[in-house]
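>>> Give me a 3D structure for the following:
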Amino acid sequence: MKKSNLIILLFVAILSACTGEQSIQKSYKSSIDLVNPLMGTDSEHSLSNGNTYPAIALPWGMNFWTPQTGKMGDGWCYAYDAKKIRGIKQTHQPSPWINDYAAFSLMAVTGDLKFKGEERASWFSHKAEIAKPYEYSVYLADYDVTAEVTPTERAAMFRFTFPENDHSYILLDAFFKGSEVTILPKERKIVGYCRNNSGGVPDNFHNYFVAEFDKDFELTSTWNGDKLNQDSQKETGEHVGAVIGFKTKKGEAVHVKVASSFVSPEQAQLNLSREIGSKDFSQLKQDAKATWEKEFARVKVEGGTDDQLKTFYSCLYRVLLFPRKFYEINAENEVIHYSPYNGEVLPGYMFTDNGFWDTFRAVFPFFTLMYPEVNAQIMEGLANTYKESGWLPEWASPGHRGCMIGSNSASLIADSYLKGIRGYDIETLYEAILKNTKGYNEEITSVGRYGAEYYNELGYVPYNVGINENTARTLEYAYADFCVWKLAIELGRPQEEIDLFAKRAQNFKNVFDKESGLMRGKNEDGNFQAPFNPLKWGDAFTEGNSLHYTWSVFQDVNGLIDLMGGKDNFISTLDGVFEMPPVFDDSYYGGTIHEIREMQIANMGNYAHGNQPIQHMIYLYNFAGQPWKAQSRVREVMSKLYTPQADGYCGDEDNGQTSAWYVFSSMGFYPVCPGTDEYVFGSPLFDKVTLTMENGEEFTISSSNNSKENVFVNDIKLNGKVYNVNYVKHKDILNGGNLDFDMTDQPNMERGTKEESFPYSMSK
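The predicted model follows:
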C-alpha cells in the first residue's frame with residue numbers, strides 16, 4: 001500500500017475516533033429512545049440495584065403497565081434475571097417494599113389452555129424483548145406469540161400477534177383479594193373489577209376495568225381459584241379470571257383496548273373512549289412517544305458519552321413517573337377523584353404513590369423548577385388529602401401508609417410557595433402543617449410527628465422513651481420547622497409564631513454531641529445515650545448511622561460547622577466518611593440489611609449513596625471553603641455508581657429521588673436545602689444543557705474544556721459576568737440566561753473559598 005493511502009486511512013481513523021461520541025448521539029432520532037426502562041431491575045430483596053420495574057406509562061400516569069415475572073403479590077414483580085413471564089399487568093406499585101394495588105393482567109397462550117400463573121408462564125429472552133417508556137414487546141416463546149402494549153394515562157392497547165392455531169386464548173387475570181369478571185361476547189368485552197391492595201384503602205375500594213377486543217369470541221370460560229369453569233361468562237370470588245378463545249391465522253394480530261377507573265364502571269368506559277377512541281395501535285404508540293418527547297424537550301443535553309446520555313434520560317424518565325395522577329375527568333369534563341382516604345368521589349386533583357422522606361430532597365425541587373403547573377396541581381391534591389383525612393400524606397399508596405419518618409410535606413409546600421407557585425389553597429395547607437407539628441395519628445405513626453410532645457417540650461425526641469429513630473426524627477423535624485418558619489414569614493403570620501419556629505429550627509443543636517463531634521441519641525434526662533457507636537445503623541437513626549445523619553442540617557450548615565469547632569474539623573469529618581473502610585454495626589437489625597450491603601460494596605468508604613439521608617452531603621464542601629472536593633466527589637459518584645444497565649443504581653431508586661440526584665448533579669448543581677432559592681454547585685457532566693422553562697425562557701449551562709479528567713471548576717460566569725459564589729439562584733434560572741463553567745484537571749483553590757461565596761445558612 002502506498003504511504004499516501006496509509007496516511008489518509010490513519011487520518012480517517014483518527015477523525016472517526018474524535019467524532020465518535022457526536023455521531024453516536026446523532027444516530028438517535030429521539031432522546032426518549034435513549035431511555036432504558038430496565039435500568040435498576042437486576043435487584044432482589046437482599047441487594048438493590050434500583051428495585052425498579054419497567055414502567056410502561058405516560059408521565060405521572062394513573063396506570064402503569066409492566067411485564068410480570070414474579071408471583072402474584074410479589075413486590076419484585078419483574079426481575080431481570082427471570083426466565084419466564086406470567087403476563088403483562090396494570091400496576092400502581094411505587095416500591096417493592098410498599099407493594100402493589102389494583103393490579104390485573106393480560107396474557108396470551110396457545111395450545112392446551114393453561115390459566116394458573118405458574119403454569120401459563122412462558123419462557124422469554126431479553127434478546128426478544130423491547131422496553132421503551134411508550135411501548136413494551138416480548139416474544140412468548142412457549143406460545144409463539146408476540147405480546148405488545150402501549151399506554152395512555154388511564155388506558156392502554158395490547159397487540160397479540162398469534163401463530164396459526166385452532167386454540168388461541170387471551171386471559172384476563174383479576175388477581176386475588178376479591179375480584180369479578182363478566183364476559184360480554186356480543187360486545188366483545190370483558191368487564192369487572194379487582195380489589196387487591198397492600199393497605200391504605202377504604203372498604204369500598206375497587207379498580208373497575210373494561211377490555212374491548214377486535215375479534216369475535218369462539219370460546220368463553222372463567223376461573224375461580226384453581227377451578228376452570230368452561231362456557232362460563234361471569235365469576236365473582238377471592239381470585240377470578242376470564243378466558244376468551246378463537247382460531248388464529250399465522251401473523252394475525254388481535255387488539256385489546258383496556259381502561260380502568262377507581263370511580264365507577266361507567267367512568268372506566270369513558271376513560272377508554274376518551275383516551276383511545278378509534279385510534280389504532282400505531283397511532284396510540286406515536287401519541288405516547290410524543291408525550292414523552294414533549295417533556296424531554298424541556299431538558300436538552302449535548303456532549304457526554306453514549307452511556308452518560310442513556311443514564312441521564314433513563315433517570316429523567318424515572319423522575320417524571322411519580323407521584324401518579326389519582327384523578328379522572330368525568331363526562332362533564334370536570335376533574336374528580338375517588339378519595340383513598342374516605343371512599344367518596346369528590347371534585348379536584350389527587351396524587352398518590354409517594355414517600356416524601358425520599359422525594360422532598362430533589363424530585364419536588366425539580367418540579368418547582370421545571371414543572372410549576374404540575375406542582376400546583378400536586379399542592380391542591382395535598383390540600384384535598386388534608387380535607388379528606390385530617391392529615392398530610394407523608395407516605396401514600398394510595399391512602400396513608402405507615403412507612404418512614406418526618407413531616408417532610410412542610411418542605412414540599414414551603415418550597416413551592418416560596419418559589420412563587422400559586423393556584424392552590426395555601427391557607428389550608430398551612431393549617432395542615434401546623435397540625436403536623438402538634439401530634440400524630442396513633443394508628444399510622446408516619447402521619448404527623450411521632451414524639452411531637454417530647455420534641456415541643458424538650459427540643460428533641462428522647463432516645464429512651466420507646467420512640468425508635470429518635471435522633472433522625474429530631475433532625476427532620478427541625479428542618480421542617482425551618483420550612484414552617486420561612487413560610488410563616490411569607491404568609492405574614494403572628495411574630496410569636498414566626499419566632500417559635502425559628503427557635504425550633506435550631507433544635508438540631510440539642511442532639512449534637514461535642515465529645516464525638518456527631519449527632520447522638522439523647523435520653524429524656526438530658527444525658528447522651530451510651531455506649532455510642534457512630535457506625536451503628538438504625539437505633540437512633542433511620543436506615544443509616546450517625547455518620548450519615550449528622551449532615552441532616554440542611555437549613556444551617558454554618559451552624560453545624562460551628563458545632564464541630566470550625567471548618568477544618570468539619571472538612572476533616574466529611575473527608576473521613578469517604579476515607580474510612582466500609583465498616584458497620586448491624587446489631588440493631590439483627591442482620592445486614594440491603595442498604596448496608598450496598599454501602600459496603602460501593603468502595604466509597606462509609607458514604608451510602610444508595611440511601612437518601614446522605615445524598616446531599618458531598619455538596620457541603622461548598623459551605624466550608626473547599627468546593628473542589630465537592631466537584632471531584634460528585635463526578636466520582638456519577639461515574640462509579642450509575643450506569644444505564646439493569647444494575648444501574650447503587651440502592652433503591654425510590655420514586656425518582658436517586659434519579660433526580662443524577663439529573664441535577666449532571667447539570668452542575670443540586671438543591672441542598674429546599675425552602676431556599678439556591679442550587680449549590682458541583683461539577684457539570686455534559687458540554688451543554690438547555691433548560692426550557694415553563695415561562696418560555698431558556699437557561700443554558702455550558703462547560704468548556706469538559707472531559708473525564710477535567711472535573712474541577714476553574715471559574716464560572718453568569719450571563720457573561722464572573723460569578724464567584726457557590727450557588728445559582730432559582731430566579732436566575734427562571735429568567736433565562738447562560739451559566740458557563742470553565743473546567744480543568746486541577747482544583748482551583750481560590751474560587752469559592754471566602755465566606756461571601758458560601759450558600760445560605762440560617763445562622764449566617
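
>>> Tell me, how many residues neighbour A141?
Neighbourhood size, A141 [other C-beta atoms under 10 Å]: 15. Using the backbone N, CA and C atoms, a C-beta is placed for each residue, glycine as well.

>>> Might one say that it is in contact with K127?
No: taking contacts as C-beta atoms under 8 Å, A141 lies outside contact range of K127: 10.7 Å.

>>> Low-confidence stretches in the stretch 501-650 of the chain?
Residues of the stretch 501-650 of the chain meeting the criterion pLDDT under 70: none.

>>> can you map out the helices along it?
546-549, 557-563, 567-579, 594-600, 627-641 (DSSP state H, counting those that start in this stretch).

>>> just the stretch 651-764 of the chain next, same as before
657-667, 730-734.

>>> Deepest-packed of these, please.
Among the helices of the stretch 651-764 of the chain, ranked by average contacts under mean count of other C-beta atoms under 10 Å, first place goes to helix 657-667 (a mean of 27).

>>> name the helices or strands packed onto that one?
Using 3 or more C-beta pairs under 8 Å, 6 or more residues apart in numbering; DSSP states H and E, the elements in contact with helix 657-667 are helix 306-319, helix 356-359, helix 363-370, helix 627-641, strand 688-692.

>>> any chance of these in JSON lines, with distance to M762 and mean neighbour count too?
As requested, the helices and strands packed on helix 657-667 are exported to JSON lines (distance: least, C-beta to C-beta, whole Å; neighbours: other C-beta atoms under 10 Å):
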{"stretch": "helix 306-319", "distance to M762": "28", "mean neighbour count": "24"}
{"stretch": "helix 356-359", "distance to M762": "21", "mean neighbour count": "26"}
{"stretch": "helix 363-370", "distance to M762": "18", "mean neighbour count": "24"}
{"stretch": "helix 627-641", "distance to M762": "20", "mean neighbour count": "21"}
{"stretch": "strand 688-692", "distance to M762": "28", "mean neighbour count": "18"}
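
>>> of these, which approaches A480 most closely?
helix 356-359 (10.2 Å; C-beta to C-beta).

>>> Would you mind pulling up the elements that the closest one packs against?
helix 409-418, helix 657-667.

>>> on that earlier part again, to Y723, which of the helices of the stretch 651-764 of the chain lies closest?
Comparing these by C-beta to C-beta, helix 730-734 comes nearest, at 9.5 Å.

>>> Looking at the closest one now, give me its mean pLDDT.
On average, the pLDDT along helix 730-734 is 98.

>>> What separation do you get for T291 and S314?
Computed as C-beta to C-beta, to the nearest Å, the T291 to S314 distance reads 17 Å.

>>> repeat for R154
Taken as C-beta to C-beta, the span from R154 to S314 is 25 Å.

>>> Of all the helices and strands packed on helix 657-667, which one is nearest S198?
Nearest to S198 among these is helix 356-359; the distance by C-beta to C-beta comes to 17.8 Å.

>>> Spit out the contact partners of L392.
Contact partners of L392, counting by C-beta atoms under 8 Å, 6 or more residues apart in numbering, are 382, 385-386, 407, 409, 429, 432-433, 436, 447.

>>> which SSE is it in?
Assigned by DSSP states H and E, L392 falls within no helix or strand.

>>> which one of the helices of the stretch 651-764 of the chain lies closest to A488?
Nearest of the helices of the stretch 651-764 of the chain to A488, taken as C-beta to C-beta: helix 730-734 at 19.9 Å.

>>> Which strands or helices does the closest one pack on?
Applying 3+ C-beta pairs under 8 Å, 6+ apart, we find helix 730-734 packed against helix 363-370, strand 678-681, strand 698-704.

>>> For these, could you give me JSON lines that also reports mean pLDDT and distance to M350?
Below are the helices and strands packed on helix 730-734 laid out as JSON lines (pLDDT from 0 to 100; distance: least, C-beta to C-beta, whole Å):
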{"stretch": "helix 363-370", "mean pLDDT": "98", "distance to M350": "16"}
{"stretch": "strand 678-681", "mean pLDDT": "98", "distance to M350": "30"}
{"stretch": "strand 698-704", "mean pLDDT": "98", "distance to M350": "32"}
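
>>> Switch these over to a markdown table; also include distance to T182.
Shown next, in a markdown table, are the helices and strands packed on helix 730-734 (distance: least, C-beta to C-beta, whole Å):
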| stretch | distance to T182 |
| --- | --- |
| helix 363-370 | 40 |
| strand 678-681 | 54 |
| strand 698-704 | 53 |
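
>>> Out of those, the one nearest N197 is which?
helix 363-370 (24.2 Å).

>>> Give me the distance between H730 and I421.
Distance, H730 to I421, by C-beta to C-beta: 11 Å.

>>> Report how many residues lie close to Q233.
Neighbours of Q233 using other C-beta under 10 Å come to 17.

>>> Can you tell me the element the residue nearest to it when sequence neighbours are not counted falls in?
Closest residue to Q233 apart from its sequence neighbours, by C-beta to C-beta, 6 or more residues apart in numbering: I183 at 4.2 Å. Per DSSP H and E: I183 is located in strand 179-184.

>>> related to what we said a few turns ago, including distance to G668, could the helices of the stretch 501-650 of the chain go into a markdown table?
Below are the helices of the stretch 501-650 of the chain laid out as a markdown table (distance: least, C-beta to C-beta, whole Å):
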| stretch | distance to G668 |
| --- | --- |
| helix 546-549 | 25 |
| helix 557-563 | 19 |
| helix 567-579 | 20 |
| helix 594-600 | 26 |
| helix 627-641 | 9 |
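
>>> Ok, which of the ones you listed comes nearest S168?
helix 594-600 (42.2 Å).

>>> Mind listing what's buried along that closest one?
Neighbour-count burial for helix 594-600, with 16 or more other C-beta atoms under 10 Å as criterion, is recorded at 594-599.

>>> May I have it as PDB, with CA atoms only?
C-alpha atoms of helix 594-600 as PDB (Å, rounded to 0.1, in the frame of the first residue of the first chain):
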ATOM      1  CA  HIS A 594     -29.600  -4.400  52.000                       C
ATOM      2  CA  GLU A 595     -28.900  -0.600  52.500                       C
ATOM      3  CA  ILE A 596     -25.800  -1.600  54.500                       C
ATOM      4  CA  ARG A 597     -24.600  -4.100  51.900                       C
ATOM      5  CA  GLU A 598     -25.000  -1.600  49.100                       C
ATOM      6  CA  MET A 599     -22.700   0.900  51.000                       C
ATOM      7  CA  GLN A 600     -20.200  -1.900  51.700                       C
END
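
>>> Can you pull out the low-pLDDT segments for this protein?
Flagging of the chain using pLDDT under 70 yields the residue ranges 1-28.

>>> ok, 50 please
Within the chain, the set of residues satisfying pLDDT under 50 comprises 1-27.

>>> which residues are in contact with stretch 512-530?
454, 458, 460, 462-465, 470-471, 475, 508, 510-511, 532, 534, 539-540, 546-547, 549-550, 552, 560, 563-565, 569, 573.

>>> now with 6 Å?
In this structure, residues lying in contact with stretch 512-530 by C-beta atoms under 6 Å, 6 or more residues apart in numbering are 460, 462-465, 471, 511, 532, 534, 540, 546, 549-550, 563-564.

>>> Any idea how far apart the tips of it sit?
Start and end residues of stretch 512-530 are separated by 14 Å (C-alpha to C-alpha, to the nearest Å).

>>> Can you give the distance from it to the centre of its chain?
34 Å (C-alpha atoms, centre = their mean, to the nearest Å).

>>> do stretch 409-427 as well
20 Å.

>>> D166 and L113, how far apart?
Taken as C-beta to C-beta, the span from D166 to L113 is 12 Å.

>>> Looking at the two, which has the bigger crowd around it?
More neighbours surround L113 than the other of D166 and L113, with 18 against 11 (other C-beta under 10 Å).

>>> So the more buried one versus V243, what's the distance?
Distance check for L113 against V243: by C-beta to C-beta, it reads 7 Å.

>>> Identify the contacts common to these two.
By C-beta under 6 Å, 6+ apart, the residues touching both L113 and V243 are Y169.
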